[in-house]
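1. sequence and predicted structure, then a few things I'm wondering about:
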Amino acid sequence: MVTWIRSFNFIIMLFFVMCYAYQLVFVFIRFFFKEKKLEAKKLHKYAVVISARNEGAVIGELLDSIRRQNYPSSLIEIFVVADNCTDNTAQVAREHRAIVYERFDHVQIGKGYALNYLFAKIDADFGLESFDGYMVFDADNVLDENYIREMNKVFDNGYEVVTSYRNSKNYGSNWISAGYALWFLRESKYLNGARMQCGSSCAISGTGFLVSNKIIRENNGWKHHLLTEDIEFSTDSIIQGRVIGYSEKAVLYDEQPVKFRESWNQRLRWTKGFYQVFGRYGRQLISGATKKHSFQCYDMLMTLAPATLLTLFTLVMNSVFGVAGIMFGHAKWVEITVEAVVSNLSGIYLSLFFFGLVTTVTEWKQIHCEWKKKLQYLFTFPIFIFTYIPIAVAAIFKKVTWIPISHTIVKNVQQIRG
């Protein structure tokens, strides 16, 4: 039995290493290989599309940051769908010279449905072909002044979908907001950045991305309506063989939750959405990875795979072995299982700490808070990720609906940077 317990834990550890070692390779790629420098021959015309629900407090700053872009204003049009709003979102958006459509639908709820409604309105009033591409933002975002110019460079080089560098308005608020922000910085720099350098497909993360009018027309608007419409769109695109590009110099800032209850609800929706996408597209990803030897299918499969549940399963199994050891008087079983649990948790903590450390060091100037907090939140970052374990369990059994997150931080880029 002792040998069996050790073998079980070794196999699980080996499985994790084999599945995710490539993400460590990504780190070295970013260190030792130069990123692609792309230039644009043409300035394209873009529509900015924003889905907003009761975002009157923050949407004005986003619209101002779009107006301040280092890009010809004649090539930018802003559209807002005020989705089931009960505040002054529509009024504020109109005051900031956006074209606003108000939507009231309490059956089809969610960003995907709101975007589809907005694209239908744009098609009817302007024609989807009026714009070369569509940039999608959340109302709490704020854009660096060169955002659209940098995105245009990647788009003009043939990428039909482009994502950007996601930073935070409120990294230093507390350990929760810092946990989000550090994860997104790492995702931008060491996942999407490395994918771009390798020529593989990146993945969209919530907000701040560009889609060509060709894709919107082919999809007859926005057809992805699972709880995580961004990941569903990324997965669908990758299965079709489309390569999503990434612009590291296109920087946006968004607001992260600071209350654990809000964070729980949001990440519960994300986790449930990942399960939905995995259930709908998992077989196609596996087929693409195995039969077509597609690395980008494998990469997305690992992104969707419920690794948190496997971690929980490992902890539960070791607990069962330990309890059995106590019941049957086998002290060695207890010793080995305690050692395995400590080793597993320590290994995960240290690996997360490593990725957090590398990201913090290299992105130090991009993290806008006092240095003490940058160091302090390095140690709480793995703990923040550990809180996904109960969320992963709850998402299996709980019916999850889209619940809006309140946004209240109003800052321009200069104020964020301090």
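-> Perfect, thanks for sending it.

2. what strands flank the strand ranked longest in the chain, and is each parallel or antiparallel?
-> For the chain, the longest strand by residue count, based on DSSP state E, is strand 245-254. Next to strand 245-254 in the sheet, as set by DSSP bridges, lie strand 142-143 (antiparallel), strand 161-168 (parallel).

3. can you redo these as a markdown table with mean pLDDT and mean neighbour count?
-> Heads up, the C-betas are built off the backbone N, CA and C, glycines and all. Shown next, in a markdown table, are the strands paired with strand 245-254 (pLDDT from 0 to 100; neighbours: other C-beta atoms under 10 Å):
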| stretch | mean pLDDT | mean neighbour count |
| --- | --- | --- |
| strand 142-143 | 98 | 26 |
| strand 161-168 | 98 | 26 |
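
4. tabulate those strands (TSV), appending distance to residue 216.
-> Formatted as TSV, those follow (distance: least, C-beta to C-beta, whole Å):
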stretch	distance to residue 216
strand 142-143	21
strand 161-168	11
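
5. looking at these, which is closest to residue 385?
-> For the strands paired with strand 245-254, the distance to residue 385 is smallest for strand 161-168, at 16.3 Å, taking C-beta to C-beta.

6. okay, that closest one in CSV with CA atoms only?
-> Extracted in CSV, the C-alpha atoms of strand 161-168 (Å, rounded to 0.1, in the frame of the first residue of the first chain):
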residue,chain,number,x,y,z
VAL,A,161,-8.4,38.8,-34.3
VAL,A,162,-6.0,40.7,-32.0
THR,A,163,-5.9,40.8,-28.2
SER,A,164,-4.0,43.3,-26.0
TYR,A,165,-2.0,43.8,-22.8
ARG,A,166,-4.3,43.9,-19.8
ASN,A,167,-3.3,46.0,-16.9
SER,A,168,-5.2,47.1,-13.8
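
7. so which elements touch the helix or strand following that strand?
-> Scanning forward in sequence from strand 161-168 by DSSP states H and E, the next helix or strand is helix 175-186. Helix 175-186 is packed against strand 161-168, helix 260-290, helix 331-362, helix 371-386, with contacts defined by 3 or more C-beta pairs under 8 Å, 6 or more residues apart in numbering; DSSP states H and E.

8. among these, which gets the worst mean confidence?
-> For the helices and strands packed on helix 175-186, mean pLDDT drops lowest on helix 331-362, to a mean of 89.

9. other SSEs contacting that one?
-> Using 3+ C-beta pairs under 8 Å, 6+ apart, helix 331-362 is in contact with helix 2-32, helix 175-186, helix 307-327, helix 371-386.

10. looking at the strands paired with strand 245-254, which is nearest to residue 118?
-> Closest among those, using C-beta to C-beta: strand 161-168, at 17.8 Å.

11. distance from the closest one to the middle of the chain?
-> Computed by C-alpha atoms, centre = their mean, to the nearest Å, the separation of strand 161-168 from the middle of its chain amounts to 9 Å.

12. residue 121 looks like it's in a strand, true?
-> No: Residue 121: not assigned to a strand; according to DSSP: H, G, I helix; E, B strand; the rest coil it is helix.

13. residue 114 is in contact with that one, correct?
-> No: look at residue 121 against residue 114 with C-beta atoms under 8 Å: they stay out of range, at 10.8 Å.

14. who does residue 166 form a beta bridge with?
-> Counting by DSSP bridges, residue 166 forms beta bridges with residue 252.

15. let's number from 27 now, not from 1
-> Done: numbering now begins at 27, and the last item shifts to residue 192.

16. for residue 147 and residue 140, indicate the residue with more neighbours.
-> For residue 147 and residue 140, the more surrounded residue by other C-beta atoms under 10 Å is residue 140, and the numbers stand at 25 against 16.

17. list the buried residues for stretch 249-258?
-> By neighbour count with 16 or more other C-beta atoms under 10 Å, stretch 249-258 contains the buried residues 250, 252-258.

18. same question but for stretch 401-409, I mixed them up
-> Result for stretch 401-409 [16+ other C-beta under 10 Å]: buried residues 403-404, 406-408.

19. count of neighbours near residue 268?
-> Residue 268: 15 neighbours (other C-beta under 10 Å).

20. doesn't it belong to a strand?
-> No: assigned with three-state DSSP, residue 268 falls outside any strand and is coil.

21. re earlier: adding distance to residue 425, write the helices and strands packed on helix 201-212 out as TSV.
-> Listed next are the helices and strands packed on helix 201-212 as TSV, based on distance: least, C-beta to C-beta, whole Å:
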stretch	distance to residue 425
strand 187-194	29
helix 286-316	9
helix 357-388	29
helix 397-412	25
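
22. just those: most buried one?
-> Across those, the average number of neighbours (mean count of other C-beta atoms under 10 Å) peaks for strand 187-194, which reaches a mean of 26.

23. now the angle from it to helix 201-212?
-> Computed by axes from the mean of the first three to the mean of the last three C-alpha atoms, to 10 degrees, the angle separating strand 187-194 from helix 201-212 equals 140 degrees.

24. name the helix or strand for residue 95, please.
-> In this structure, residue 95 sits in neither a helix nor a strand according to DSSP H and E.

25. so it sits against residue 177, correct?
-> No: at 10.2 Å, residue 95 does not count as touching residue 177 under the criterion of C-beta under 8 Å.

26. compare those two and say which is more crowded by neighbours.
-> Shown here are residue 95 and residue 177; by other C-beta under 10 Å, residue 177 has more neighbours (30 against 19).

27. ok, that one - contacts?
-> The neighbourhood of residue 177, defined by C-beta atoms under 8 Å, 6 or more residues apart in numbering, consists of 161, 188, 190, 236, 273, 276.

28. go through the lowest-mean-pLDDT helix or strand in the chain and flag the buried ones.
-> When each helix and strand of the chain is scored by mean pLDDT, DSSP states H and E, helix 333-353 comes last, with a mean of 79. The neighbour-count check on helix 333-353 (16+ other C-beta under 10 Å) flags 333-335, 337-338, 340-341, 343-344, 347-348, 351 as buried.

29. pairing partners for residue 271 in the sheet, please.
-> Applying DSSP bridges to residue 271 gives these bridge partners: residue 188.

30. so what pLDDT did it get?
-> Note for residue 271: predicted pLDDT of 97.

31. tell me, how many residues neighbour it?
-> 25.

32. does the closest residue to residue 250 other than its chain neighbours lie in a helix or a strand, and which?
-> Among residues not flanking residue 250 along the chain, residue 258 sits closest, at 4.2 Å (C-beta to C-beta, 6 or more residues apart in numbering). Using DSSP H and E, residue 258 sits in helix 255-265.

33. now do that helix against helix 286-316, angle only.
-> 10 degrees.

34. strand partners of the helix or strand encompassing residue 104, parallel vs antiparallel please.
-> Using DSSP H and E, residue 104 maps to strand 102-109. Sheet pairing for strand 102-109, assigned by DSSP bridges, gives strand 72-78 (parallel), strand 125-129 (parallel).

35. alright, calling it a day.
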